[in-house]
Every structure is written in C-alpha cells, then in structure tokens.
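Undergrad: pasting the structure only:
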C-alpha cells in the first residue's frame, strides 16, 4: 500500500487551533472559512451563456465550547456604539500523523452574528461566531504538501 494513502495520513480535525487577535481560543470545536466567487453572466459563443468573476465573497464561522462571556461582551459593546471592529484570526491544523500542517492568517475580519445567550439541558454550551473578511486579507502561512 502506498504510504501516502494509509488511513493514518488522513487529517484529524481534533488538532485544529485558533487565535483571535493574538489570543488562543480554548475549546475550539469547529472552524470553517469559505470563498465564493460572485459572477456576472456574459454572452458566450452561439447560444452559450458564460460568466465572469466580478467579486469574491469570503465567509467563515467557528464554534467554541463556552468558557466565558468576554468575546460576546466585546462585540456587543462595540456594535452598540456604532463601531465595526476588525480582527485577525489565525487557524492552524497540525495532525502529527500527516505530512505537515496548514496555517492560515485571516486579516480584516468583521463579525456578522453571534448569540447573546443560549443553552440546552444536559449539553455543554457552545457559541458560534459568523464572520466575513476580504479575500485579499487571507494569507497561507503553511500548506500540507503530502
């Protein structure tokens, strides 16, 4: 069997880490960053309809096990003052059984949504933060090249 295809080489998300404005976020459970090109239709040859990328939208979210209320308090205080603070997020995935690690720095991050308070009986409480950023604010510091 090719060592590159061995089951142990698949990346385990349990090794994901996150930093928000330089502070490591404890209890990180889930992270996602996605990029969507926005297109405008343009006529192609004959009856074809083609498309041209005119902008790039970036959205992300992360979910943490709730330990405190500092982040929610910080966001709400700024928003209620009419402020739109910007942040830097660093996401890292470094499973020791794989071919390296990947790390992405995301600058010019703004937050779109967060819950004020939520809970469910017999469940550890989680908080989800939804955010956006500019595509030009994304930098790949490390990539897995297996």
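TA: Here it is on my side, so go on. Keep in mind that this is a model prediction, so the values were computed, not measured.
Undergrad: Give me the distance between the two termini of stretch 21-32.
TA: Its start and end residues considered, stretch 21-32 measures 17 Å (Cα to Cα, to the nearest Å).
Undergrad: And for stretch 131-138?
TA: 13 Å.
Undergrad: Give me the contacts around it.
TA: Residues outside stretch 131-138 that contact it (Cβ atoms under 8 Å, 6 or more residues apart in numbering) are 33, 35, 56-61, 89, 104-112. For the C-beta atoms, the positions are set from N, CA and C on the backbone; glycine is no exception.
Undergrad: Can you give me the buried ones in that stretch?
TA: Residues 131, 133, 137, 138 are the ones in stretch 131-138 that count as buried (16 or more other Cβ atoms under 10 Å).
Undergrad: Quick one: distance of it to the chain centre.
TA: The chain centre lies 10 Å from the centre of stretch 131-138; the measure is Cα atoms, centre = their mean, to the nearest Å.
Undergrad: Local confidence estimate at the closest residue to residue 28 other than its chain neighbours?
TA: Spatially, and ignoring its direct neighbours in sequence, residue 28 is nearest to residue 18 (4.7 Å; Cβ to Cβ, 6 or more residues apart in numbering). Residue 18 carries a pLDDT score of 97 in this model.
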